[in-house]
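**Q** pasting a predicted model and its sequence here:
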Amino acid sequence: MPPQEAIVYGYAGRVLIVQADTGAWHAMPLSPAEAQRWLGGAGLAVWWLYQFSRPGIEPLDPSAPLVLAGCPLVDTGITTTSRAAFAARSPQTRLLGESLISSHFAVALRRAGWDGLVLTGAAPEWSVLLVGESEVRILPAPELQGLSAPAAEQAIRQRWGGELQVAAIGPAGEHGVAYATISHDGRHAGRTGMGAVLGAHRCKAIAFRGERRTPCADPAGLAARAAGLRTRSLGPETARYRLVGTSANLLTFDRLGILPSRNFQAAAFPDAAQLTGEQLAGGLGRERTGCAGCTIGCEHRFLPAAGKPAVRAEYESLYALGPLLGIGDPEVVLEAIRLCDEYGMDSISLGGTLAWAMECGEHGAGKAWLSDGPALRFGDGEAVLEWIPRIAGRRGTGPALLAEGSRTAAGRVGEGSERWAIHVKGLELPGYEPRALKTLALGLAVSARGACHNRSSAYDRDLAAGRDRLEARATRGRDAAEAEDLAAVLDSLVLCKFLRRCFDDLYSEAAELYHLVTGLPMGGPELRAAGGRIVTLKRLYNQREGATRADDTLPPRLLEELLPEGPAAGAGLSRPELEAMLDDYYQVRGWGRDGLVPTALAQELLSPRSDPAP
């Protein structure tokens, strides 16, 4: 432990550095200035990644670090705050990879007395990293190889203690699938392939235990504010998440003409109603739950048929394995989601990659690559169910190709198939049609981890009352930047994005929560500035790995084809329109027109700070 005076309320004051190959470990101090500057979660994770990652290192090199960072509001009684952030160089995008994981695992990290960890090296055999307040062990566990993440969690608790909270990889992470997940209790650090990185360290799981409670600066004041926030979290702003979950978006997006289907060839889906929460619950019903300490309870698990397990189905998984693939059979879609969870793969990237393969089939491309499995065609759910386990295990030329994601697959196949790979920076698009959501289009293009609605939430600006979502105004740069800054703050404190509309003034109220927990001075403007710093740090990491303005783009289909039908028929986005929005965005950020962070700004951002003032 560092000396007492180095510890700030709300933080443990130490970071665990582990070498999996030797088992050696030590504690690195976390200073108050560092904590305040980067907050926690995504902010601290990217900061440590920038420090510990060698420029140009291959993503699955055992010496490439996997970073885990906790958040200052976790385990404080504030609703929706049970999350932690993983970060690494992504094997899928070869740029910044970062993803949040939720529930008791994040709480256990705090109670083990650590603010985070940095893992390097590969264990001699498949192992478990077990971490407590004063114990750190690499435990050989080759018998876990091949197990699903839930089965591995159960086996680890049975062997080393039922109190352990475990995050594990499935077979996809073991086989280096570029979009493999890290999972805990049915929840996933899903995007950018963090499961493949953990697998490269020959680490099947990370397990925490401990009973340490991190003190808060003002417990009474915090309890009062937390109680008020819990009450607001049960109000009308979150009602739809409690009632049906995010599956409610399917019909809404279909009605607005922003539900991508058949690999973004259309923006509506005839069978959308079959995949809504209300329809799915018509089978044997559903179960509702939520993350540790959450009052919203957005998670809905559906029971598809007698004898089958409940499936956690959210909008993005339903979209990616349903409309995007032209599949409207709810039982098939739920089974595909279940298989994703079992094998440990990101459903959005899996769906986007399968959609690319299906369009290859439509055009007769890639036959030499994709002939070792059933033909993939839009609407053929049974073929999808056969391909998922093959991809997870890289069983054959075609599955091994699809395990790399659509960008890499298209680059190898050629034959014009690059046009059908719908990605940004190698990350497949989420379930929003950018041609009919212009601020989101910009947000997807500039996002540091690739096509991601969660690191921007720019669609909020498009769907706000009185806004024209179809006009590509050059001034959308500020809207996109503000949406990114807000997401960076929420992902670093951490507060669930479903809670964002429960605040009257999010920045000032969240800053007060931070101050009550840590005792560090923080106001609304300072917290907003921290969000901007974190976004620019992400940019600097990508810049160091070779990213340029040319990477801030959208797939050719979205820039050259108009939407063919539906409520937004005829909507499109041209390259000149996107370039104009990029110019505005870079200007707002204070970056160059080339999209690069100026040297002076980079030096100020990366310079060490010894004082705890913002």
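**A** Yep, that arrived.

**Q** can we go C-alpha only for contacts and neighbour counts from here?
**A** Noted.

**Q** quick check, pLDDT for the nearest residue to L495 once chain neighbours are set aside.
**A** Among residues not flanking L495 along the chain, T81 sits closest, at 5.1 Å (CA to CA, 6 or more residues apart in numbering). Reading off the confidence values, T81 has pLDDT 94.

**Q** from here on, call the first residue 34.
**A** Fine by me, first position is 34 from now on; the one you just mentioned is T114.

**Q** sec struct for T114, please.
**A** coil (DSSP: H, G, I helix; E, B strand; the rest coil).

**Q** OK, contacts around it?
**A** When contacts are counted by CA atoms under 8 Å, 6 or more residues apart in numbering, T114 touches L106, V107, D108, G326, C327, L526, V527, L528, C529.

**Q** buried sites along the longest helix seen in the chain?
**A** When the chain is scanned for its longest helix (criterion: DSSP state H), the result is helix 557-577. By 16 or more other CA atoms under 10 Å, the buried positions in helix 557-577 come out as 557, 559-576.

**Q** stretch 182-200 too?
**A** Buried, per 16+ other CA under 10 Å, within stretch 182-200: A182, P183, A185, E186, Q187, A188, I189, L197, Q198, V199, A200.

**Q** for the residue lying closest to the last one once chain neighbours are set aside, name its beta-bridge partners.
**A** Spatially, and ignoring its direct neighbours in sequence, A200 is nearest to H217 (4.6 Å; CA to CA, 6+ apart). H217 has these beta-bridge partners by DSSP bridges: R220.

**Q** my guess is H217 contacts S181, does it?
**A** No: H217 lies out of contact with S181 (CA atoms under 8 Å); the separation is 11.1 Å.

**Q** of the two, who's got more company?
**A** With neighbours defined as other CA atoms under 10 Å, H217 and S181 compare such that H217 has more, 24 against 21.

**Q** what sits against the more buried one?
**A** H217 makes contacts with I134, S135, S136, F138, A182, P183, E186, V199, A200, A201, as judged by CA under 8 Å, 6+ apart.

**Q** also V446?
**A** V446 makes contact with A398, G399, W402, according to CA under 8 Å, 6+ apart.

**Q** repeat that with 10 Å
**A** Going by CA atoms under 10 Å, 6 or more residues apart in numbering, V446 touches C393, A398, G399, K400, A401, W402, L403, L434.

**Q** next, the fourth one: secondary structure please.
**A** Going by three-state DSSP, the secondary structure assigned to K400 is coil.

**Q** identify the residue nearest it in space, chain neighbours excluded?
**A** In space, K400 is closest to G394, 7.8 Å off (CA to CA, 6+ apart).

**Q** so the one you found: helix, strand or coil?
**A** From three-state DSSP, the assignment for G394 is helix.

**Q** per-residue confidence for it?
**A** On pLDDT, G394 comes in at 96.

**Q** the helices in the stretch 134-283 of the chain, which residues?
**A** For the stretch 134-283 of the chain, the helices defined by DSSP state H, counting those that start in this stretch cover 137-144, 182-193, 204-207, 227-233, 252-266, 272-276, 282-289.

**Q** got a list of contacts for the second one?
**A** By CA under 10 Å, 6+ apart, the residues outside helix 182-193 that reach it are 161, 163, 172, 174, 176-180, 194-204, 206, 214-219, 237-240, 374-377.

**Q** swap in 8 Å and give it another go.
**A** For helix 182-193, the surrounding residues in contact (CA under 8 Å, 6+ apart) are 177, 196-197, 199-203, 215-219, 238, 375-377.

**Q** same deal with the shortest one?
**A** For helix 204-207, the external contacting residues (CA under 8 Å, 6+ apart) are 178-181, 213-215, 228-233, 235, 237, 376-378, 424-426.

**Q** ok, the residue most central in space within the chain - contacts?
**A** Nearest to the mean C-alpha position of the chain, by CA atoms, centre = their mean, lies S132 at 3.8 Å. Remark: with contacts taken as CA under 8 Å, 6+ apart, S132 is in contact with A75, A118, F119, A120, A222, G223, R224, T225, M227.

**Q** which one of those residues sits in the busiest neighbourhood?
**A** Counting by other CA under 10 Å, top hit in the contacts of S132: M227 with 34 neighbours.

**Q** separation between it and V550?
**A** Taking CA to CA, to the nearest Å as the measure, M227 falls 30 Å from V550.

**Q** pLDDT score for R275?
**A** 84.

**Q** scratch that, R122
**A** On pLDDT, R122 comes in at 98.

**Q** and it, backbone torsions?
**A** As for R122, its main-chain torsions (degrees, to the nearest 10) stand at phi -70, psi 130.

**Q** thinking again about what came up before, filter the contacts of helix 204-207 down to the buried ones.
**A** The buried subset of the contacts of helix 204-207 - by 16+ other CA under 10 Å - is 178-181, 213-215, 228-233, 235, 237, 376-378, 424-426.

**Q** which two of the buried residues of stretch 182-200 have the greatest separation?
**A** A182 and L197 (14.3 Å; CA to CA).

**Q** circling back to that earlier point, adjacent strands (with direction) for the helix or strand the residue nearest to the centre of the chain falls within?
**A** Assigned by DSSP states H and E, S132 falls within strand 129-135. Based on DSSP bridges, the pairing partners of strand 129-135 within the sheet are strand 116-122 (antiparallel).
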